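*Asks:* The sequence and its predicted three-dimensional model are supplied below.
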Amino acid sequence: MPYLKLNDACLAYGHVPLLDHADFQLDSGERVALIGRNGTGKSSLLAAMAAGTGKGRLDDGEVWVQPGIRVGYVPQEPPFDPEMSVFQAVVSGMGETSAMLAEYHNISHRLGEGAGDHDALLARMDALQHELEARGAWAYEAQAERVIARFSLDPEARVGSLSGGQKKRLALAQALAVAPEVLLLDEPTNHLDIAAIEWLETMLIESGVTLLFITHDRSFLDRVCTRIVELDRGKLASYPGSFTQYQQRKEAQLHEEALANARADKLLKEEEVWIRKGVEARRTRAVFRVQRLDRLRAERQARRDRMGKVNLQLDAGDKSGKLVAELENVSKSYGERQIVANFSSRIQRGDKIGLIGPNGAGKTTLLRLILGELQPDAGKVRQGTKMEIAYFDQFRTQLNPDSSLADIISPGSDWVEIGGARKHVIGYLEDFLFAPERARSPVSSLSGGERNRLLLARLFAKPANVLVLDEPTNDLDIETLELLEQLLQDYEGTLFLVSHDRTFLDNVVTQTIAAEGAGAWKEYAGGYSDWASYQATLAKATEKAKAATPPVSKAAKPVETNKPKAQKLSWKEQRELEALPEKIAGLEAEQATLTRRLEDPALYQTDPQAAQQAAERLAAIDDELLELLERWESLESRQGGAG
């Protein structure tokens, strides 16, 4: 029995049908990827599936959802109240239960502070506890706490203080907190770093959840999906298997479609010539040919050709000097946090460099140091000569939402100059798939993918021999990504690319600068896969070396040479060492007792102050245990050295 079904769905914006009597079915255990060009209606389709009623989102047709199943939905830009805490935002997806949980926690807090009418609060807390138990809410609360921890979020942090990547993780946590049977994800990898994307891939595969998702991340597609569904010209076409298998089938299909269209157009042309012979045509009385001509005309008019491809052109301008930048022992810190530590590199004209690392590692800071926009705290940076830099900003700050598309490309003029040739701004915008009537539309009317295309159009309208692309792949469809890859491969200037798209990095860059942690950065030859392969080999060699090291026997200690003899423990230190195991065991027993007490919901009702004190003591025990274990290790190592 299917989980979701779409029957005869119709949806149009203006005169363009996004869904044209489309049908779809999602079965249990499937992981289906929905792909298609920007603006074809993928997000609208996913939102309609999430709504579950169909009529509220579709012009015609219906969405059927299997009764009783839980559906989690993560839109591309999840709406959150910035004043909410992370915990409140996660449980808010539980409907009425979330409000009851929030009230229960609020009453617990007030009782702990001694605020309000104690008896009335206890009575309300008792009523809430019974209702929450009847709903099985404690299991939901535990699930919420687990997913918050899994996504490395602070449950007390305010939503308004989170970064874009953290908000995306919050949205995923909210959807997973209800333990859904079906998960609908719209661009889940946007704003996530590579480590988070790989973790998400593994989690989705191992969880067994039925999945329908939209993404343009080809590595994510290949690893996660079990079926590809393409939305093209209002119709949904299904391709079982991976994205790579889809590409092979699609290429063959497009070739056949082009041949069929060419044959139909040739026949139509011949019949048009025949009918224009007038009297001769009527004399032949070939009524069937007239009817066939009418049918061919109707089919040609109804045929919706595939959306055109972006016409990307990039002018590298005059060559820069052979040296682009040279860094010698460069360091940079913000407060106590070291972003770059003692980094050296020499970057030459024509290098294509990818910067990889987790969000917050300092990729943008390192870029600004290389380009001379930021001065180092220590070390030297030497820039090359004749550099013309073009910068693609992932936050699109260069796009004024109130400006028209034409003004963004060529302010105060109707012409742009590309490679020495003048071109009208409307024709130039058409190269980036913007219709002429949209040239005077405001930027605010564009989708995310269209804004990225516009920013690329602005970027490529001026010559540049140094190109800096900070997350250029977000929201771009796969065909445009592949065209951009080809353009950058042929680009003769110097490229700096910050991206979490592993396939894009592999296809474009020739060397990688990777964050190693604690401000350390290291250069590697090749793209992301080369770096990942090196890291895997290094980890395997380290593990092999550990396994090959023989364990130290307590009965026969190894002979150590050239090692200074350690001092013997004093009588007092010896007694301390002997007493440590008993102290540690006592603390661990106390820790176990407190943990069991805090797991009892009745404690918060009968004695909230004791619950708070128990939690504080539990936290203190962790610190005490750490200190005792470190002391034990120190004393034992000295005793062993003295033996």
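*Replies:* Done, it's in. Just so it is clear, the structure is predicted and the values come from calculations on it, not from any experiment. Numbers count the residues shown, from 1 in each chain.
*Asks:* Am I right that Thr189 is in a helix?
*Replies:* No. Looking at Thr189 with DSSP: H, G, I helix; E, B strand; the rest coil, it is coil, so not inside a helix.
*Asks:* May I ask you to confirm that it is in contact with Phe213?
*Replies:* No. Between Thr189 and Phe213 there is no contact under Cβ atoms under 8 Å: 9.5 Å. Heads up, the C-betas are built off the backbone N, CA and C, glycines and all.
*Asks:* Distance-wise, check Ala12 relative to Lys42.
*Replies:* Using Cβ to Cβ, to the nearest Å, Ala12 is found at 15 Å from Lys42.
*Asks:* For the stretch 51-200 of the chain, give me the ranges with low pLDDT.
*Replies:* 52-56, 93-95, 116 (pLDDT under 70).
*Asks:* Look at Ala12 and Lys42 and report which has more neighbours.
*Replies:* Shown here are Ala12 and Lys42; by other Cβ atoms under 10 Å, Lys42 has more neighbours (23 against 15).
*Asks:* OK, contacts around that one?
*Replies:* By Cβ atoms under 8 Å, 6 or more residues apart in numbering, the residues touching Lys42 are 34-36, 186, 214, 231.
*Asks:* Please give the element, helix or strand, for Ser529.
*Replies:* helix 528-548 (DSSP states H and E).
*Asks:* Can you list the buried residues in that helix?
*Replies:* 528, 530-532, 534 (16 or more other Cβ atoms under 10 Å).
*Asks:* mind listing the strands for the stretch 1-150 of the chain?
*Replies:* Ranges of strands in the stretch 1-150 of the chain, per DSSP state E, counting those that start in this stretch, are 4-13, 16-26, 31-35, 60-65, 71-74.
*Asks:* Out of the ones you listed, which gets nearest to Lys269?
*Replies:* strand 16-26 (27.0 Å; Cβ to Cβ).
*Asks:* how far out from the middle of the chain is that closest one?
*Replies:* Counting by Cα atoms, centre = their mean, to the nearest Å, strand 16-26 is centred 27 Å from the centre of its parent chain.
*Asks:* how many degrees apart are it and strand 4-13 in direction?
*Replies:* Counting by axes from the mean of the first three to the mean of the last three Cα atoms, to 10 degrees, strand 16-26 points 180 degrees away from the direction of strand 4-13.
*Asks:* buried ones in strand 16-26?
*Replies:* Under 16+ other Cβ under 10 Å, the buried positions of strand 16-26 are 17-20, 22, 24, 26.
*Asks:* coming back round to it: okay, the strands of the stretch 1-150 of the chain in TSV with distance to Met100 next?
*Replies:* Compiled in TSV, these are given as follows (distance: least, Cβ to Cβ, whole Å):
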stretch	distance to Met100
strand 4-13	29
strand 16-26	32
strand 31-35	34
strand 60-65	25
strand 71-74	20
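*Asks:* Compare those and give me the one nearest Glu523.
*Replies:* Closest approach to Glu523 among the strands of the stretch 1-150 of the chain (Cβ to Cβ): strand 31-35, 34.4 Å.
*Asks:* quick one: strands adjacent to that closest one?
*Replies:* strand 210-214 (parallel), strand 227-232 (parallel) (DSSP bridges).
*Asks:* Deepest in the core, which of the ones you listed is it.
*Replies:* strand 210-214 (a mean of 23; mean count of other Cβ atoms under 10 Å).
*Asks:* then it to CSV, C-alphas only?
*Replies:* Presented in CSV, the C-alpha positions along strand 210-214 are these (Å, rounded to 0.1, in the frame of the first residue of the first chain):
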residue,chain,number,x,y,z
THR,A,210,10.7,6.7,3.3
LEU,A,211,12.0,9.7,1.6
LEU,A,212,11.1,12.2,-1.1
PHE,A,213,13.6,15.0,-1.6
ILE,A,214,14.8,17.8,-3.9
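*Asks:* next structured bit after that strand?
*Replies:* helix 218-224.
*Asks:* which helices and strands sit right next to that following helix?
*Replies:* The contact analysis (3 or more Cβ pairs under 8 Å, 6 or more residues apart in numbering; DSSP states H and E) places helix 218-224 against strand 31-35, helix 194-207, helix 243-275, helix 502-508.
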